[in-house]
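Enquirer: Structural data only, the sequence is not supplied:
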């Protein structure tokens, strides 16, 4: 078979060359379609379920939202495990499926079970799925800010509410139209609302309640249709518009009448442009801004999508109001281009070195060029296969290519052909005819075909065990092995087709077999060594065995880690503050932190996400902040020889001086990968499982103390599961019974007064804003004022509709008369994995390998930390992937 291929390739060389050109052209086309990224996407197959539960404490979120959803998700086909986090006002469940599961099939399964879960959830609680994205999904971020002195058309300065409105209604809809963008997430500023803020004392004096205000607003903010009428042969639609469009109209809505005098909303309440109670904020360079993030759809080309997003943002900037600017703050293209340039430079340098060695060793320029052509041709062959199999070009998939191995088969054939052609010319004493040259090339190629084939097959077989890897390690190394095998396969095919054809066609004229000076010099060194080795066979074999044994012993003593970290060029900083820190305080602390970081000349800009964004892909309380530090090019650093590690150390020393913060230093992609893969952001995590939160916390603190003593430990911290201050309204049911009150009466009053309740929407063109009823800001935040909140009693006159005292009881009672208001410390969050509560102690490892660090820490924990019955520990983070890969 192989002999026949060689014969056809040589005698039908023009056909072969045309086929090779066609393959090369297809390779160039495939390169334009090739997915490009910095690293392989190792995110497991997962679906996030986000549920907003306004007003729910972490315990209530767990009991009433998280647990019912986890219960219906159990038993899903191809389910690997689930993990969840319950925080104030929200629940997030991550459902992880086995590798190979189609993401759309997984989402369909989850969606079906979500329909079942909705019937088990409280009224108004609706779970939603997160975007179809991965750990590499956050490819493009931008900030929205106003230039100094910028003014709105009415002459006032832009505030954070105005900037958020521009982000939500101008920028976000257009960015979502970019091909390959799955979702756009926004954080920062305030979402605009229309607020009606009634004064309780005015309502009492008129016998009204907060619910009366809501009912009046709902009944006076509607557009209705009444069918149509026919008139003069035309069909006329009948509309009854009743929606309010401005604040003044809200104030004119009638609540009722007293002694013939109409009572309007403006008589009992303030009407104002208000702000939504937000869960997150954003800052940049020490100033509050609005941030937008484009999430890439799974399977798209990150470089292409990021470039398209940047172009779209530049286009949007041209239509923004004067003085408002949307500025890119993070672009994955920068890292991708840097990585691909590194790979390309390494490949080009390797190719140049191989060509130089070929020329020196073969001593024939044409022969060296024919051999060297295998490099670009096999690369084009590889790119075509990568596109066909949806393998992205990245540091790992392309970095393992070895051009010396790729040209190995071609060198064997070319060298043997030159030798045989030179011998035949010397024997005949003349140059060969075309027919003679073809025959010699065929014989020479046939002579070494087995050596070529077996040599390449042996190398290819070495990579086959890589495909036995599964999970994260499989996703990381399968592309590498696939790319190398594809390149070797292409090289083998080209070596038995293109190379013989090119040699037969182009190696004409006078040829001589001669050794280059380099080869002759190498022989002088090698031949004596070979002679000595053959003369002392026993000693040679003994030395070889000793070297192998010593190497094995050194291997055992070597450290281990899952994979070396890619230098992304930027720094990510996780800032942790005391649980219960308000969002306003956290912003102030963050501004100070950013101003400190900006003092480093190496920093180009710094921006931060605090708390939870609009779409809770990365839920966090207000006391947690993700800080992104974008560095200048290394050539612009004041210390050209300073390393990134030294810069991080200097930064850490500087920010540690700011009180109230703890820090974890990492990198943007690395941080997101760690969190998505195992639910933690650090290199190493000790997970403690059990039922009681206090016991989990006690065990976790002991482990935290031990980890701090292990050499190499950095950024050690325990998950913050307690310390959240909660204003608890504890109802006194005995007192409520005396007044004939139900629990719902008290709860509704508090929910409306403090949290606010929607009474409809107000439209401004395509924009829509919620109409909310709640107490004035100065009253809803004061505990003593809340104690005086009037609760309407159920005794109502059927004639007048006005409260009438019953059996000497007042028509209203103060909240403080039927409930106790106190601030207590409650759980900050509750994390679960596979339906079991857990707490996590995390650490990053610096200055030593991951494996030895965990071995030492594990031994200390086993010796010094007693684990109660019914509780257990596991290791997570990158170490979890290392163990899985080793097994």
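Expert: Ah, there it is. Source: prediction; values computed, not measured.
Enquirer: Give the ranges of residues in the chain that sit below the confidence cut-off.
Expert: Scanning the chain for pLDDT under 70 picks out 135, 362-363, 511-516, 556-566, 674-679, 681, 795-810, 879-887.
Enquirer: Domain-wise, how is it divided?
Expert: Here the domain assignment for the chain is 192-275+725-827, 363-514, based on automatic domain parsing.
Enquirer: who does the strand or helix carrying residue 694 touch, helix- and strand-wise?
Expert: Secondary structure from DSSP states H and E places residue 694 in helix 693-709. Helix 693-709 is packed against strand 684-689, strand 713-718, strand 836-845, helix 850-864, with contacts defined by 3 or more CB pairs under 8 Å, 6 or more residues apart in numbering; DSSP states H and E. The way it works is simple: take the backbone N, C-alpha and C, and place the C-beta from them, glycine included.
Enquirer: For the domains of the chain, give me TSV that also has distance to residue 292 and mean neighbour count.
Expert: Listed next are the domains of the chain as TSV, based on distance: least, CB to CB, whole Å; neighbours: other CB atoms under 10 Å:
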stretch	distance to residue 292	mean neighbour count
domain 192-275+725-827	16	15
domain 363-514	25	19
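Enquirer: Would you mind saying which of those domains lies nearest residue 326?
Expert: Each of these has some distance to residue 326 by CB to CB; the shortest is domain 192-275+725-827, at 17.8 Å.
Enquirer: ok, back up a step: save the domains of the chain as CSV, and put in distance to residue 649 too.
Expert: CSV is the format used below for those (distance: least, CB to CB, whole Å):
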stretch, distance to residue 649
domain 192-275+725-827, 35
domain 363-514, 25
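Enquirer: Nearest to residue 94, out of these?
Expert: Among those, the nearest to residue 94 by CB to CB is domain 363-514 (15.1 Å).
Enquirer: so where do the strands sit in the stretch 351-500 of the chain?
Expert: Using DSSP state E, counting those that start in this stretch, no strands are found in the stretch 351-500 of the chain.
Enquirer: what do you get for the stretch 701-850 of the chain?
Expert: Using DSSP E, counting those that start in this stretch, strands in the stretch 701-850 of the chain cover 713-718, 722-731, 757-764, 767-773, 790-792, 812-814, 819-827, 829-833, 836-845.
Enquirer: For the residue lying closest to residue 275 once chain neighbours are set aside, which residues are in contact?
Expert: Distance criterion CB to CB, 6 or more residues apart in numbering; nearest residue to residue 275, sequence neighbours excluded, is residue 190 at 3.7 Å. Residue 190 sits next to 160, 161, 164, 275, 276, 278 when contact means CB atoms under 8 Å, 6 or more residues apart in numbering.
Enquirer: Return the distance of the fifth one relative to residue 164.
Expert: It refers to residue 276. Taking CB to CB, to the nearest Å as the measure, residue 276 falls 9 Å from residue 164.
Enquirer: what sits against the closest residue to residue 696 other than its chain neighbours?
Expert: Leaving aside its chain neighbours, residue 696 sits nearest to residue 839 (4.2 Å; criterion: CB to CB, 6+ apart). By CB under 8 Å, 6+ apart, the contact set of residue 839 is 687, 688, 693, 696, 697, 699, 700, 718, 719, 721, 831.
Enquirer: quick revisit: what's the closest of the strands of the stretch 701-850 of the chain to residue 410?
Expert: strand 836-845 (44.5 Å).
Enquirer: State whether residue 262 is indeed within a strand.
Expert: Yes: when DSSP: H, G, I helix; E, B strand; the rest coil is applied, residue 262 is found to be in a strand.
Enquirer: And it, how far from residue 253?
Expert: Distance from residue 262 to residue 253, by CB to CB: 10 Å.
Enquirer: now swap in residue 680 and tell me
Expert: With CB to CB as the criterion, residue 680 and residue 253 are 52 Å apart.
Enquirer: Tell me the secondary structure at residue 543.
Expert: helix.
Enquirer: mind checking how far it is from residue 537?
Expert: Separation of residue 543 from residue 537 (CB to CB): 11 Å.
Enquirer: and if you look at residue 602?
Expert: Relative to residue 537, and taking CB to CB, residue 602 is found at 59 Å.
Enquirer: between the two, who's got more neighbours?
Expert: Higher neighbour count among residue 602 and residue 537: residue 602, with 19 against 9, using other CB atoms under 10 Å.
Enquirer: can you tell me which residues contact the more buried one?
Expert: 631, 632, 636, 637, 638, 642, 647.
Enquirer: count of residues packed around the closest residue to the second one other than its chain neighbours?
Expert: The reference is to residue 632. Nearest residue to residue 632, sequence neighbours excluded (CB to CB, 6+ apart): residue 604, at 4.7 Å. Neighbours of residue 604 under the rule other CB under 10 Å: 15.
Enquirer: Verify the stated contact: residue 604 with residue 637.
Expert: No: Residue 604 lies out of contact with residue 637 (CB atoms under 8 Å); the separation is 10.9 Å.
Enquirer: any residues in contact with both of the two?
Expert: The contact sets of residue 604 and residue 637 do not overlap (CB under 8 Å, 6+ apart).
Enquirer: From residue 627, how far off is residue 791?
Expert: 45 Å.
Enquirer: Repeat that for residue 570.
Expert: Counting by CB to CB - residue 570 and residue 627 are separated by 11 Å.
Enquirer: so the residue nearest to residue 632, which of the three states?
Expert: Strictly by three-state DSSP, residue 604 counts as strand.
Enquirer: residue contacts, it?
Expert: 630, 631, 632.
Enquirer: Spit out the contact partners of the last one.
Expert: Right, the one you point to is residue 632. 601, 602, 603, 604.
Enquirer: longest helix of this protein?
Expert: Secondary structure of the chain per DSSP state H: the longest helix is helix 332-362.
Enquirer: ok so, going back, and the helix holding residue 694, what's buried?
Expert: 693, 695, 696, 697, 699, 700, 702, 703, 704, 706, 707 (16 or more other CB atoms under 10 Å).
Enquirer: Given the host helix or strand of residue 196, what are its sheet partners and their directions?
Expert: Assessed by DSSP H and E, residue 196 sits inside strand 192-198. Note on strand 192-198: by DSSP bridges, its sheet partners are strand 269-275 (antiparallel), strand 767-773 (parallel).
Enquirer: quick one: that strand to chain centroid distance?
Expert: 36 Å (CA atoms, centre = their mean, to the nearest Å).
Enquirer: I'd like the next helix or strand past that strand.
Expert: That would be, after strand 192-198 and using DSSP H and E, helix 200-205.
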